[in-house]
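Colleague: sequence below, structure please.
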Amino acid sequence: MTNWRWWLCSLLFVATTVNYLDRQVLSLTYEEFIKPEFHWTDANYGTITAFFSIFYAICCLFAGKFVDWMGTKKGYLIAIGVWSAGACLHAATGWATAHIVGLESIAAMKAVQAGTQAALAISTTGVYLFLLCRGILALGEAGNFPAAIKVTAEYFPKKDRAFATSIFNAGASVGALAAPLVIPPLASKFGWEWAFIIIGGLGFIWMFFWAFMYEKPEASKHVNEAELEYIHQDDAAEAAEKAALAEQKSIPMLQCFKYKQTWAFITGKFFTDGVWWFFLFWAPSYFSNQFNAPATSGLGQGLIFTLYAIVTIISIGGGYLPKIFVEKKGMNPYAGRMLAMLIFAFFPIAALFAQPLGIHFNSPWWPAILIGLAGAGHQAWSANLFSTIGDMFPKSTIATITGIGAMAGGVGSMIIQKVAGNLFTHAEEMGSAFQFLGFEGKPAGYFIMFCFCGVAYLIAWSIMKGLVPKYKPIEI
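Modeller: Predicted coordinates:
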């Protein structure tokens, strides 16, 4: 039997890695390179990250339908082509901003005095250009997971799909670990623009391999009869399942909002998705501002790498804990999952101690480790939160509820990003006049955000438990 399916799975892994790298270039170049060049404040950066969060969520609602409509091969090519083009376009924003505001060069743009009308024009123009580029990036990136999941369904029998999905999904972790080691050195050596171009260009290289390697299993010259038979071993059972699903009533989208179970899922996503995006977008800036550990330094790279290494290793156990509760303790799946989520909801409390311990010991390693624990708690929480949909809703409605939750998470993330950016700018301007629990200025702003991030999961869990106190599947 040939094993072509695993070669395609490796391509999915690479695509997911590139997807995550492209998303990280901005956060790892913002503080040292982009912020001073465009005369930005943290409020400007917060606007950009907020827009990306909500626009990505909106695009996710339609990405799956687009891939189904275009077909796997064309749909994936278009998705990665769009996001790679969007990534590379970031590099032109400096030149375009200088041209629009009437300056002869980027050097002249940098030399403009801060606080002047010219500086305001540069920052405003730059923000709008970055919003355009981030929008294109979000539009394409939204297609990655729907396309990858569709490929696994085409090329793997049911018993192998979870393993194949875990392989390509590991690309997100690899991308997070590689980003601080790759992107800052590129920006330092060649300029921040080339960091976007080089990382973005990886997607175009991937497209070449995808165009020549992917065909449907039946049409692929690399798949022999034995592998084809292995791939299609579930066809009869899946056909029967689809027929049964077709007979099952689906809940219209507006009617979904009548159920407390829907609002429980919305609550879980709204309160917690933004916490993950906050750490993702602001951690490099935090280490640079608070501990003088810029992303281009060995210390800064080590801190971000350590943070995501902790997230990757610990979050692996997220799916096993509820299984223990169900199989060993005899709990129903929903009760087991909610108990696991309560346990994981305590992990982000570690973020409450990141700022005090970091300042007390004058070491950024405490925040890196504690934020890593909080991030690991989020990933484990998120995996179980998605599983509650299957516990409560009929299969015919799972995709609808997932889309509603993604939108709620996007709205929550947008609010957190915008609040964080404005808060940091205000705290920095106020200086010692802005105080919170023993901290002043921008460190006080960071501590306020860490406090919310630390308790957000317990708030969400409490509301979810209040809405749906015990296992109660929806019957239609």
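Colleague: from here on, contacts and neighbour counts on C-alpha atoms
Modeller: Noted.
Colleague: excluding its backbone neighbours, what's nearest Pro185?
Modeller: The shortest distance from Pro185 to any non-neighbouring residue, by CA to CA, 6 or more residues apart in numbering, is to Thr296 (6.1 Å).
Colleague: and that neighbour, how many residues sit next to it?
Modeller: 23 (other CA atoms under 10 Å).
Colleague: repeat for Asp235
Modeller: Around Asp235 there are 13 residues (other CA under 10 Å).
Colleague: sorry, back to before: isn't the residue nearest to Pro185 right up against Ser188?
Modeller: Yes. Between Thr296 and Ser188 there is a contact under CA atoms under 8 Å: 6.8 Å.
Colleague: which residues does Phe265 contact?
Modeller: Applying CA atoms under 8 Å, 6 or more residues apart in numbering to Phe265 gives the contacts Leu385, Thr388, Ile389, Gly405, Met464.
Colleague: apply 7 Å and report the result again.
Modeller: Gly405 (CA atoms under 7 Å, 6 or more residues apart in numbering).
Colleague: so after the helix or strand that contains it, what's the next helix or strand?
Modeller: Assessed by DSSP states H and E, Phe265 sits inside helix 260-291. Per DSSP H and E, the first helix or strand lying C-terminal to helix 260-291 is helix 298-315.
Colleague: for that next one, name the packing helices and strands.
Modeller: helix 158-190, helix 365-392 (3 or more CA pairs under 7 Å, 6 or more residues apart in numbering; DSSP states H and E).
Colleague: okay, buried residues for the following helix or strand past that helix please.
Modeller: Under the assignment DSSP H and E, the closest C-terminal helix or strand after helix 298-315 is helix 321-329. Neighbour-count burial for helix 321-329, with 16 or more other CA atoms under 10 Å as criterion, is recorded at Leu321, Pro322, Lys323, Phe325, Val326.
Colleague: average pLDDT across helix 321-329?
Modeller: Mean per-residue pLDDT for helix 321-329: 78.
Colleague: now the angle between helix 365-392 and that helix, please.
Modeller: 60 degrees (axes from the mean of the first three to the mean of the last three CA atoms, to 10 degrees).
Colleague: what does helix 321-329 contact?
Modeller: Met331, Asn332, Pro333, Gly336, Arg337, Ala340.
Colleague: ok, now how distant is Glu31 from Ile199?
Modeller: Using CA to CA, to the nearest Å, Glu31 is found at 19 Å from Ile199.
Colleague: my error: substitute Tyr286 in the last question.
Modeller: 23 Å.
Colleague: same question, Ser363
Modeller: Going from Ser363 to Ile199 by CA to CA gives 31 Å.
Colleague: between those two, who's got more neighbours?
Modeller: Ile199 (24 against 14).
Colleague: element containing that one, please.
Modeller: helix 192-213.
Colleague: and that helix, what does it pack against?
Modeller: Using 3+ CA pairs under 7 Å, 6+ apart: helix 192-213 touches helix 4-29, helix 72-89, helix 158-190.
Colleague: just so I know, which of these lies nearest Ala119?
Modeller: helix 4-29 (19.8 Å; CA to CA).
Colleague: so how far is stretch 460-467 off the chain centroid?
Modeller: Mean-position distance between stretch 460-467 and its chain equals 24 Å (CA atoms, centre = their mean, to the nearest Å).
Colleague: show me what counts as buried in it.
Modeller: In stretch 460-467, counting by 16+ other CA under 10 Å, buried: Ala460, Trp461, Ser462, Ile463, Met464, Leu467.
Colleague: hmm, who's touching that stretch?
Modeller: Contacts of stretch 460-467 (CA under 7 Å, 6+ apart): Lys260, Ala264, Thr267, Gly268, Phe271, Leu342.
Colleague: could I have the buried ones of those as ChimeraX selection syntax?
Modeller: Those of those that count as buried under 16+ other CA under 10 Å are selected in ChimeraX with:
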select :264,267,268,271,342
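Colleague: of the contacts of stretch 460-467, closest to Met213?
Modeller: Gly268 (39.6 Å).
Colleague: pLDDT wise, what is the closest residue to that closest one other than its chain neighbours at?
Modeller: In space, and not counting its chain neighbours, Gly268 is closest to Ala460: 5.3 Å by CA to CA, 6+ apart. As predicted, Ala460 sits at a pLDDT of 97.
Colleague: tell me the angle the helix or strand harbouring Ala460 makes with helix 260-291.
Modeller: Following DSSP H and E, one finds Ala460 within helix 442-467. Helix 442-467 runs at 170 degrees relative to helix 260-291, counting by the same axes, to 10 degrees.
Colleague: list of residues touching stretch 338-356?
Modeller: In contact with stretch 338-356 (CA under 7 Å, 6+ apart) are residues 321-322, 366-367, 370-371, 373-374, 377, 380-381, 384, 447, 450-451, 453-455, 457-458, 461.
Colleague: may I have it as CSV, with CA atoms only?
Modeller: In CSV, the C-alpha atoms belonging to stretch 338-356 read as follows (Å, rounded to 0.1, in the frame of the first residue of the first chain):
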residue,chain,number,x,y,z
MET,A,338,-17.4,21.1,32.9
LEU,A,339,-15.3,19.7,35.8
ALA,A,340,-12.2,19.7,33.6
MET,A,341,-13.0,23.2,32.4
LEU,A,342,-13.3,24.4,36.0
ILE,A,343,-9.8,23.0,36.8
PHE,A,344,-8.4,24.6,33.6
ALA,A,345,-10.1,27.9,34.6
PHE,A,346,-7.8,28.2,37.6
PHE,A,347,-4.6,28.0,35.4
PRO,A,348,-5.0,31.6,34.1
ILE,A,349,-4.9,32.9,37.7
ALA,A,350,-1.2,32.5,37.3
ALA,A,351,-1.3,35.7,35.2
LEU,A,352,-2.2,37.6,38.3
PHE,A,353,1.2,37.0,39.8
ALA,A,354,3.2,37.6,36.6
GLN,A,355,3.6,41.4,37.1
PRO,A,356,4.2,41.3,40.9
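Colleague: that'll do, ta.
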